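# mind looking at a prediction? Sequence and model below.
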Amino acid sequence: MLIIQKSGPPLRSPLSSASPCINIDNQIRLVRSQLPAEAVAFLKEELNFLNSEYVTKRRLGKSTYKVQKYFRLIEESGDGVTLPRGFLNTLLAFLNERAILYFVHFAYPSLDEVSYARRWKMFRRRSSLATKRSLREVLELSRAFLLPLVDAELKGTKHRRTWNRKTKTWE
């Protein structure tokens, strides 16, 4: 079961005190006491990454002073846990898979609507070649240009029309 609240102050989870309340703004905020043990283990497993620089220096026998062993994407403060917002889909998929009830509150700031006056003008497009000339003339021009190229390829000759940059003519 999922309850989503999109605006207003966060409400207390109507499900139970044990079901986690997920507050979403620029990050995901959870209350640690509401998380089940399996969810805590999942978060620690998924959001702690081994630092490859640390492993490399350790194998080479170099100093690992001031090199973190793990990258921790979980920030803990008191009873609160903060996660990166991009982890939301993974977290919700895990909670749904385990049939853990949760409550989601989106705490996006409500912005005032901005009105503005349009100050630009649309220009007429140039008319295309097809509107200036009849369709027959367009087909004849394209055929006259393409036929020598196709004929040269079909006959197996190496003669193709190429554009000379210096003289700015077709050769």
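Noted; the coordinates are in hand.
# pLDDT value on residue 144, please?
In the prediction, the pLDDT value recorded for residue 144 is 62.
# going forward can the numbers begin at 504, since that is how I track them
Okay, using 504 as the starting number, the last item reads as residue 647.
# isn't residue 579 up against residue 535?
Yes. Because the distance of 7.4 Å satisfies Cβ atoms under 8 Å, residue 579 is recorded as touching residue 535. C-beta coordinates here come from the backbone N, C-alpha and C atoms, glycine included.
# those two: who's more crowded?
Each of residue 579 and residue 535 had its neighbours counted (other Cβ atoms under 10 Å), and the higher figure belongs to residue 535 (15 against 10).
# could you give the mean pLDDT of stretch 609-624?
Averaging pLDDT residue by residue across stretch 609-624 gives 78.
# C-alpha coordinates for stretch 599-614, PDB please?
The C-alpha coordinates for stretch 599-614 follow below in PDB (Å, rounded to 0.1, in the frame of the first residue of the first chain):
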ATOM      1  CA  ASN A 599       7.300  -3.100  -2.600                       C
ATOM      2  CA  GLU A 600       9.200  -6.300  -3.100                       C
ATOM      3  CA  ARG A 601       9.300  -7.000   0.600                       C
ATOM      4  CA  ALA A 602       5.600  -5.800   1.100                       C
ATOM      5  CA  ILE A 603       6.700  -3.100   3.500                       C
ATOM      6  CA  LEU A 604       4.000  -0.400   3.900                       C
ATOM      7  CA  TYR A 605       5.300   3.100   3.500                       C
ATOM      8  CA  PHE A 606       4.100   6.700   3.200                       C
ATOM      9  CA  VAL A 607       5.600   9.200   0.700                       C
ATOM     10  CA  HIS A 608       5.500  13.000   1.200                       C
ATOM     11  CA  PHE A 609       6.700  15.300  -1.600                       C
ATOM     12  CA  ALA A 610       7.900  18.500  -0.100                       C
ATOM     13  CA  TYR A 611       8.700  20.500  -3.200                       C
ATOM     14  CA  PRO A 612       8.500  24.300  -2.800                       C
ATOM     15  CA  SER A 613       5.500  25.800  -4.400                       C
ATOM     16  CA  LEU A 614       6.600  28.600  -6.700                       C
END
